[in-house]
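Asks: Below: sequence and its predicted model.
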Amino acid sequence: MNALNSQLNSELNQALYHFEEDANTAVIVLTGQQDYFMAGADIKEMVHISFSEAFKKGFLEDKKYASTVKKPLVGCVNGWALGGGCELAMMCDILIAGDNAKFGQPEINLGVIAGLGGTQRLTRAIGKSRAMEMNLTGEPMKADEACQRGLVSRVVEKEKSLEEAINLAKKIASKSSIASIAAKDAVNAAYENHLHQGLEYERRIFWSTFATEDKTLGMTNFINKV
């Protein structure tokens, strides 16, 4: 079972940075194994960390890099996505789940709480009551419910989930990369702003796309096809 230890986190961040900087990469797909997406943080690395040490070093700060990636990030989740694994999945922009996927925040069973978005992103995605239940009981949520509540976009057979995610990534990659990054930025702003602020931000980003060649080409092609 994958655990988000220091080594794996470093390798993940390096891979994400590489694809973020690669001009030939428009969309990134993040997945795990068919039976386990990620089990969460490595408990052995955390058991002896004190409050003062965690506070001074900013513990977990290095594990949120995925949330800063500008390019679209498609997640493919099969099996268990627990704790930090669930939180990593929620850092993705779009989630495709295999029918065996389960999402959970079991930190309460360890005497702690979620620290990478399990109380914040999860609540925004599925609502206060269900998120509260998951955080207070540690009980996981199955893929079908995750889809019904909007945590994932759709559920497919686990054997077809990665193919589905890749096909989705290819579809996004066929669009304007600048517009895709701008759309991602604007949608994410909806989580951070009130409606009026979000609408103003969206409009400014919309205006900025008028400075791109992609806008001129896209609109010219559309007119010529009519």
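Replies: Arrived safely. The structure displayed is predicted, hence computed values, not measured ones.
Asks: Residue 12 against residue 66, yeah?
Replies: Yes - at 7.4 Å, residue 12 counts as touching residue 66 under the criterion of Cβ atoms under 8 Å. Quick note: C-beta positions are derived from backbone N, CA and C, even for glycine.
Asks: which residues of the protein fall in strands?
Replies: 28-31, 36-38, 73-77, 80-82, 94-98, 102-104, 141-142, 154-156 (DSSP state E).
Asks: any idea which of these scores lowest on pLDDT?
Replies: Comparing mean pLDDT across the strands of the chain, the weakest is strand 36-38, with a mean of 91.
Asks: Can you name every helix or strand that that strand contacts?
Replies: strand 80-82, helix 84-90 (3 or more Cβ pairs under 8 Å, 6 or more residues apart in numbering; DSSP states H and E).
Asks: returning to what we had before: let me have the strands of the chain in TSV, extended by mean neighbour count and distance to residue 5.
Replies: Formatted as TSV, the strands of the chain follow (neighbours: other Cβ atoms under 10 Å; distance: least, Cβ to Cβ, whole Å):
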stretch	mean neighbour count	distance to residue 5
strand 28-31	21	17
strand 36-38	24	11
strand 73-77	26	19
strand 80-82	28	14
strand 94-98	26	23
strand 102-104	24	19
strand 141-142	20	25
strand 154-156	18	29
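Asks: ok so, going back, between residue 12 and residue 66, which one's more packed in?
Replies: residue 66 (22 against 17; other Cβ atoms under 10 Å).
Asks: before we move on, the earlier item: using JSON lines, lay out the strands of the chain together with distance to residue 217.
Replies: Below are the strands of the chain laid out as JSON lines (distance: least, Cβ to Cβ, whole Å):
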{"stretch": "strand 28-31", "distance to residue 217": "24"}
{"stretch": "strand 36-38", "distance to residue 217": "38"}
{"stretch": "strand 73-77", "distance to residue 217": "25"}
{"stretch": "strand 80-82", "distance to residue 217": "39"}
{"stretch": "strand 94-98", "distance to residue 217": "25"}
{"stretch": "strand 102-104", "distance to residue 217": "40"}
{"stretch": "strand 141-142", "distance to residue 217": "43"}
{"stretch": "strand 154-156", "distance to residue 217": "31"}
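Asks: For residue 187, find the nearest of these.
Replies: strand 94-98 (10.3 Å; Cβ to Cβ).
Asks: what angle separates that closest one from strand 73-77?
Replies: 20 degrees (axes from the mean of the first three to the mean of the last three Cα atoms, to 10 degrees).
Asks: Any chance you could give me strand 94-98 in PDB, C-alpha atoms only?
Replies: The C-alpha trace of strand 94-98 is given here as PDB (Å, rounded to 0.1, in the frame of the first residue of the first chain):
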ATOM      1  CA  ILE A  94     -10.800  16.400 -12.200                       C
ATOM      2  CA  LEU A  95     -11.100  12.900 -10.600                       C
ATOM      3  CA  ILE A  96     -12.000   9.700 -12.400                       C
ATOM      4  CA  ALA A  97     -12.700   6.900 -10.000                       C
ATOM      5  CA  GLY A  98     -12.600   3.100 -10.500                       C
END
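Asks: and it, what does it pack onto?
Replies: Short answer (3+ Cβ pairs under 8 Å, 6+ apart): strand 94-98 packs on strand 73-77, helix 143-148, strand 154-156, helix 158-173.
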